[in-house]
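Engineer: this one's structure only:
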């Protein structure tokens, strides 16, 4: 028997963040800079914003889980598969560097995704790649990701904990946690971190990925150091989307390649020994004109799926029905508070369904998937 809740639920999927996202005004409220500044009138510099409540006026119609997932499954070419196809460790490592650059997506100034609810999931497939995310903590917000491609024998495990703080004229969100990409056919594990997201309000508003991004493979001894740059304080100098870096042998410290470019345009790699330059990443080819995921099996979508949890709210935002949007967001939040009260009254401790989670002060958050493989999803990404 189908419940009334199941009959009335909405599964709402939106376009992924792509190269054109910054110019997308489909759901942006008017006077956005003025509205953003008004949010922080009573916020002290250095404040942790992880519990900060946003009006739907400032929300992108999707969850953080969907944004994290999109960086893995939404891409025009199979850069992840190319990582597995390299004949030599150097070939595979440089392909990993190229793929890691592709996970950065332009962010819309003044807009933020929904803060995922506890236990929220997002399950999407792209070809043979199956991706599953789960929100394993709400305060602080921690997201776990597991992705597998049985054909290519690739596995990915992420555990991410963004920590946004207010600094007077800006917000800086450091993304803590470890990302692992395993090429199982080659017995190689690549560990990497994420640059931080900086949102600048004054004197010139901008938003960008900034800071150091490290990638290393213990089995081959190869390591990369990338640095993502930004505009100057006044927004008049500097390249806001620059990426510079190097690939080297961590044992001998031999410099192998130099990397230079713009992650929203093209990135080149120069082999130090020969001086040969190669374009290793083209943003227009990789993340331009991305298509929204499509629903292939409505009955297979879990109630915890992001597209279900936030479906009605996302619809209201795209329709610019701000009154309804506030009601829908309040309903989601109130339901979560009630579930929390029920668990407390029964003396229950919530536990993730798909991950085993560990935390300690020295290492931070860590997670491991309960199941070895991620099953095919009821939502899929069209492949061009």
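Structural biologist: Nice, I can see it. This is a predicted model, so every value here is computed, not measured.

Engineer: the closest residue in space to residue 324 that isn't next to it in sequence: neighbour count?
Structural biologist: Nearest residue to residue 324, sequence neighbours excluded (CB to CB, 6 or more residues apart in numbering): residue 316, at 4.3 Å. All C-beta spots, glycine's among them, are computed from the backbone N, C-alpha and C. If you count neighbours by other CB atoms under 10 Å, residue 316 ends up with 21.

Engineer: wait, what's in contact with residue 316?
Structural biologist: 56, 322, 324, 325, 328 (CB atoms under 8 Å, 6 or more residues apart in numbering).

Engineer: can you rerun that using 7 Å?
Structural biologist: 324, 325, 328 (CB atoms under 7 Å, 6 or more residues apart in numbering).

Engineer: buried residues, the helix or strand hosting it. List them.
Structural biologist: Using DSSP states H and E, residue 316 maps to helix 311-318. By neighbour count with 16 or more other CB atoms under 10 Å, helix 311-318 contains the buried residues 311, 312, 313, 314, 315, 316, 317.

Engineer: give me the pLDDT for the third one.
Structural biologist: This means residue 313. Note on residue 313: pLDDT of 95.

Engineer: state the number of residues packed around residue 331.
Structural biologist: There are 12 residues near residue 331, going by other CB under 10 Å.

Engineer: phi, psi for residue 78 please.
Structural biologist: Torsion angles at residue 78 (phi, psi; degrees, to the nearest 10) stand at phi -90, psi 70.

Engineer: and it, how many residues sit next to it?
Structural biologist: 18.

Engineer: grab the nearest non-local neighbour of it.
Structural biologist: Closest to residue 78 by CB to CB, 6+ apart is residue 127, at 7.5 Å.

Engineer: ditto for residue 118
Structural biologist: Leaving aside its sequence neighbours, residue 118 sits nearest to residue 138 (CB to CB, 6+ apart; 4.2 Å).

Engineer: ok, the closest residue in space to residue 249 that isn't next to it in sequence - contacts?
Structural biologist: The shortest distance from residue 249 to any residue other than its chain neighbours is 5.5 Å, reached at residue 221 (CB to CB, 6+ apart). For residue 221, the contact set (CB under 7 Å, 6+ apart) comprises 249, 250, 251.

Engineer: sec struct for the residue nearest the centre of the chain, please.
Structural biologist: Central residue of the chain (CA atoms, centre = their mean): residue 68, 2.4 Å from the mean position. Three-state call for residue 68 (DSSP: H, G, I helix; E, B strand; the rest coil): helix.

Engineer: where does pLDDT dip in the chain?
Structural biologist: Scanning the chain for pLDDT under 70 picks out 1-8, 20-54, 231-239, 384.

Engineer: list of residues touching the lengthiest helix in the chain?
Structural biologist: Counting by DSSP state H, the longest helix found in the chain is helix 322-346. The contact list for helix 322-346 (CB under 7 Å, 6+ apart) reads 56, 57, 117, 118, 309, 312, 313, 316, 317, 350.

Engineer: for the fourth one, which residues are in contact?
Structural biologist: So the one you mean is residue 118. By CB under 7 Å, 6+ apart, the contact set of residue 118 is 135, 138, 336, 350.

Engineer: same thing with the first one?
Structural biologist: Neighbour list for residue 56: 313, 317, 322, 325, 326, 329 [criterion: CB under 7 Å, 6+ apart].

Engineer: same thing but at 10 Å, please
Structural biologist: 27, 29, 114, 313-314, 316-317, 321-330 (CB atoms under 10 Å, 6 or more residues apart in numbering).

Engineer: distance of it relative to residue 322?
Structural biologist: Residue 56 sits 6 Å away from residue 322 when distances are taken as CB to CB, to the nearest Å.

Engineer: please apply the same query to the fourth one.
Structural biologist: Per CB to CB, residue 118 is found 26 Å from residue 322.

Engineer: and if you look at the second one?
Structural biologist: Relative to residue 322, residue 57 is positioned 6 Å away (criterion: CB to CB).

Engineer: and these two? Which one has more around it.
Structural biologist: Using other CB under 10 Å as the criterion, residue 57 and residue 322 rank with residue 57 on top: 21 against 14.

Engineer: doesn't the more buried one lie inside a helix?
Structural biologist: Yes: counting by three-state DSSP, one finds residue 57 located in a helix.

Engineer: doesn't residue 110 make contact with it?
Structural biologist: Yes: at 9.1 Å, residue 57 counts as touching residue 110 under the criterion of CB atoms under 10 Å.

Engineer: so in terms of bridging, what pairs with residue 143?
Structural biologist: Beta-bridge pairing for residue 143 (DSSP bridges): residue 135, residue 160.

Engineer: contacting residues around it?
Structural biologist: Contacts for residue 143 (CB under 10 Å, 6+ apart) come out as 63-65, 67-69, 116, 120, 122, 133-137, 158-162, 175, 177, 355, 365, 367.

Engineer: same deal with residue 290?
Structural biologist: Counted by CB under 10 Å, 6+ apart, residue 290 has contacts 15-21, 70, 74-76, 105, 381-382, 384.

Engineer: the helices in this structure, which residues?
Structural biologist: 4-8, 32-39, 64-73, 79-85, 89-102, 283-287, 306-309, 311-318, 322-346.

Engineer: which stretch among these comes nearest residue 205?
Structural biologist: helix 32-39 (5.5 Å; CB to CB).

Engineer: for stretch 278-296, buried residues please.
Structural biologist: So stretch 278-296, judged by 16+ other CB under 10 Å, has buried residues 280, 281, 282, 283, 286, 287, 290, 293.

Engineer: now distance to residue 150 too, for the helices of the chain, in TSV please.
Structural biologist: Shown next, in TSV, are the helices of the chain (distance: least, CB to CB, whole Å):
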stretch	distance to residue 150
helix 4-8	31
helix 32-39	44
helix 64-73	15
helix 79-85	12
helix 89-102	19
helix 283-287	24
helix 306-309	24
helix 311-318	30
helix 322-346	35
